[in-house]
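Trainee: I would like to see how this sequence folds:
(2 chains)
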Amino acid sequence: MKRPPIYGLLAEFEDPTALVHAARAAREHGYTRLDAYTPFPIEALREALDLPPNRLSLFVLIGGVLGGLAGYLLQYWTSVVDYPLNVGGRPLHSWPAFVPITFETTVLGAALACALGMIALNGLPMPYHPLFNVPRFALSSRDRFFLGIEAVDPLFDRDGTRRFLERLVPREVSEVEH
Amino acid sequence: MSAEEQPLIGPGYTIGSVSDKIASIVLTRPTPRLWWVAFAISSMLLLLLLHTIGYLVLRGIGIWGNNIPVGWGFDIINFVWWIGIGHAGTLISAILLLLRQEWRTSINRFAEAMTLFAVACAGLYPALHTGRPWLDYWLFPYPNTMGIWPNFRSPLIWDVFAVSTYATVSLLFWFVGLIPDLATLRDRSQNRLGRSIYGILAMGWRGSARHWDRFETATLLLAGIATPLVVSVHTVVSLDFAVGIIPGWHATIFPPYFVAGAIYGGFAMVMTLAIPLRKVYGLEDFVTMRHLNYMGRVMLATGLVVAYGYTMETFMAWYADNPYERFTIVNRMTGPYSPMYWSLILCNVVIPQALWFERVRSHVGALFTIAMSVNVGMWLERYMIIPVSLTRDFLPSSWGTYAGTRWDWAMFAGSIGLFLTLFLLFIRFLPMISIFEMRTMVPEAEVREGVR
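Mentor: Numbering: from 1, shown residues only, chains lettered A, B, ... in the order given. Take a look at the predicted model:
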């Protein structure tokens, strides 16, 4: 695919309500490659942007199950197979004593999957991103709310999309260089 | 005005001014002189710790007061004390998040940092108590030429797993929560060095709605995972004792009683840190009297559970009709360590009853005094449980006495130095209050439906 001349257009809003309305309008207009950038999480954006359910919980489940299995099997194998210790004739497979460590490794696996999964699914670390070429984008980590439409969107048109965004009364619309 | 009517954030703040106020502490405001004074003292204590550890490694743990019959002294007291302190941080960041307690927002960040540093201090003690800390990797199950494995039926190895998992999960939770704030510092930083360091740590966070969606899921899941974890950690710590047969240790009440004690002592430490912090940095609008009031209530509630634990220990000693158990309790109350026992009751049970009164809970000085009293009381509690129980077991021929040496005290003071040094560096270089969560507390952050 030919690389568009710019990354996209970015509209700046001063409050979250305006952003949510703008995001909803852009999606209803048919734009699909759009995203909002905000200084704190905004629940309403999930519906406004029609975000797909994220898969993080599945990662965490898998991490937890693998962690738990690894912990239990480690204890079983070392205590029963590789290094059996007969303590007063008690069973080698003394599972109640294995529960605490199995629990801990389950938690460890789930937590690692959760934190690393969140970072990886978000595509971080990302040393370079075109959005940071817009000087005012730094305010997205302070008190401004941005709506971005990417140039790869089938409906994207450098002038048409700008006019569309202007109609949503943003503070300003900027072009994002690659 | 009752506590519930007071706002959780002072009037007149906007999303921008909240961000600037917290970020400026790190980026632009001059470091307060008191910070330097505190840093000077804490780094001197840290040097004392390094000196003690050096001498300890050179001479062996014989420089401590531990000896048969008291094999566990200051090292284990301080381990349990520190790890207990850590628990309040996890409670605030995880359990109160799940319970939708909004007031946690302004205290969770530094409480989590406190957890991390307290766990680091706690970890020092068992690591050094092994006597040959350079062989501590033997604690972990790894394939080795000796052909042996740890005994997984022992609570001590459970503890290795519980504490190392707890440290890892606390670090992850803390770091994940920091990412958006690191991005704020990256964008606000005045110099190149700051931009690069915060930029690398923020990993390119850009606050996209998709990022936030996963971020929120991650926070919620981590909170859900950390909640049973924190309960399990102090339960496992209590099993180190409860699984042993020593009178004074062998009690089924230990797990809940230890968990409540951990949260009690931890909240006292959060209060001890929060009160001077809000004063020195002028954060009274963020950490309000309502926050302190609520923390006082949590302390009162957990303190009552702890008091119930003391009562039940005493009652069971009588009711179970076991002469050894009964003797242990009588020995605590009237034996050579009785002044410590009664100080513990005074610090942990009697003084905190003042928290019943609204006037006490809205008086900063009174709260600070009570918090200090609980810090001392929780340390004494571990002293009563750990070495004092060991001085009197079943056979009078194996009785003994115990007292910490000056090296024990030096290491205790030194670990406080390590904790404070790490904490002071944290408040100097990272936002001590979660900026992005504070933004959501401002009224203008609300999305109004149907307007426009």
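Trainee: I'd like the distance from B:T14 to chain A, if you could.
Mentor: According to CB to the nearest CB, to the nearest Å, B:T14 and chain A sit 7 Å apart. Yep, even glycine has a C-beta here, placed from its N, CA and C like the rest.
Trainee: should've said B:P69
Mentor: 24 Å.
Trainee: which residues touch that residue?
Mentor: Residues near B:P69 by CB atoms under 8 Å, 6 or more residues apart in numbering or on different chains: B:390-391, B:393, B:398-400.
Trainee: which of those tops the neighbour count?
Mentor: B:L390 (24 neighbours; other CB atoms under 10 Å in any protein chain shown).
Trainee: follow-up on the earlier one: which of the contacts of B:P69 sits closest to chain A?
Mentor: Among the contacts of B:P69, B:D393 lies closest to chain A (CB to the nearest CB), at 21.5 Å.
Trainee: Without its sequence neighbours, what residue ends up closest to that closest one?
Mentor: Distances taken as CB to CB, 6 or more residues apart in numbering or on different chains place B:I246 nearest to B:D393, at 5.7 Å, with adjacent residues excluded.
Trainee: cool, B:Y310 as well?
Mentor: Nearest residue to B:Y310, sequence neighbours excluded (CB to CB, 6+ apart): B:V349, at 6.8 Å.
Trainee: Specify the local secondary structure of A:D35.
Mentor: strand (DSSP: H, G, I helix; E, B strand; the rest coil).
Trainee: how about the residue nearest to B:D393, what does it touch?
Mentor: For B:I246, the contacting residues are B:389-390, B:393, by CB under 8 Å, 6+ apart.
Trainee: residues contacting B:R290?
Mentor: Counting by CB under 8 Å, 6+ apart, B:R290 touches B:3-4, B:6-8, B:103.
Trainee: from these, which are also near chain A?
Mentor: Near chain A, judged by CB under 8 Å from any CB of the partner chain, there are no entries from these.
Trainee: From the residues you listed, which shows the smallest pLDDT?
Mentor: By pLDDT, B:A3 ranks lowest within the contacts of B:R290, coming in at 66.
Trainee: buried set for the longest helix along chain A?
Mentor: The longest helix of chain A (DSSP state H) is helix A:95-121. Neighbour-count burial for helix A:95-121 flags A:97-98, A:100-115, A:117-119, A:121 (criterion: 16 or more other CB atoms under 10 Å in any protein chain shown).
Trainee: So which elements touch that helix?
Mentor: Under the contact definition 3 or more CB pairs under 8 Å, 6 or more residues apart in numbering or on different chains; DSSP states H and E, helix A:95-121 sits against helix A:56-76, helix B:155-188, helix B:209-242.
Trainee: Present the contacts of B:I246 as TSV; the columns should include secondary structure and distance to B:E358.
Mentor: Shown next, in TSV, are the contacts of B:I246 (DSSP: H, G, I helix; E, B strand; the rest coil; distance: CB to CB, whole Å):
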residue	secondary structure	distance to B:E358
B:S389	helix	39
B:L390	helix	43
B:D393	coil	47
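Trainee: of those residues, closest to A:L9?
Mentor: B:S389 (71.2 Å; CB to CB).
Trainee: So what's the residue count around that closest one?
Mentor: 21.
Trainee: Tell me which stretches of the stretch 301-450 of chain B form strands.
Mentor: Counting by DSSP state E, counting those that start in this stretch, the stretch 301-450 of chain B has no strands to list.
Trainee: what are the phi and psi angles of A:N54?
Mentor: Backbone geometry at A:N54, expressed as degrees, to the nearest 10, gives phi -80, psi 160.
Trainee: Now do the contacts for the nearest residue to it once chain neighbours are set aside.
Mentor: Closest residue in space to A:N54, ignoring its immediate chain neighbours: B:R214 at 4.9 Å, by CB to CB, 6+ apart. Contact analysis of B:R214 by CB under 8 Å, 6+ apart lists A:54, A:56, A:118, A:121-122.
Trainee: And B:V26, by the same measure?
Mentor: B:185, B:428-431.
Trainee: try it again with 10 Å
Mentor: Counting by CB atoms under 10 Å, 6 or more residues apart in numbering or on different chains, B:V26 makes contact with B:181, B:184-185, B:188-189, B:194, B:198, B:427-432.
Trainee: ok, now how distant is it from chain A?
Mentor: 14 Å.
Trainee: Tell me where the model's unsure across chain A.
Mentor: A:1-2 (pLDDT under 70).
Trainee: Centre of it to the edge, which residue is at the far end?
Mentor: Most distant from the centre of chain A: A:G88, at 53.0 Å, with distances by CA atoms, centre = their mean.
Trainee: Can you pull the domain assignment for chain A?
Mentor: What automatic domain parsing lists as the domains of chain A is A:8-52+A:128-176, A:56-121.
Trainee: of all those, which lies closest to B:Y341?
Mentor: Among those, the nearest to B:Y341 by CB to CB is domain A:56-121 (30.9 Å).
Trainee: Tell me the span between the first and last residue of the closest one.
Mentor: One end of domain A:56-121 to the other measures 8 Å (CA to CA, to the nearest Å).
Trainee: Need the residues that contact the helix or strand of chain B with the lowest mean pLDDT.
Mentor: Sorting the helices and strands of chain B by mean pLDDT, DSSP states H and E puts helix B:96-98 at the bottom, at a mean of 85. With contacts defined as CB under 10 Å, 6+ apart, helix B:96-98 is touched by B:90-91, B:102-105, B:107-108, B:111, B:219-220, B:222-224, B:226-227, B:294, B:298, B:437.
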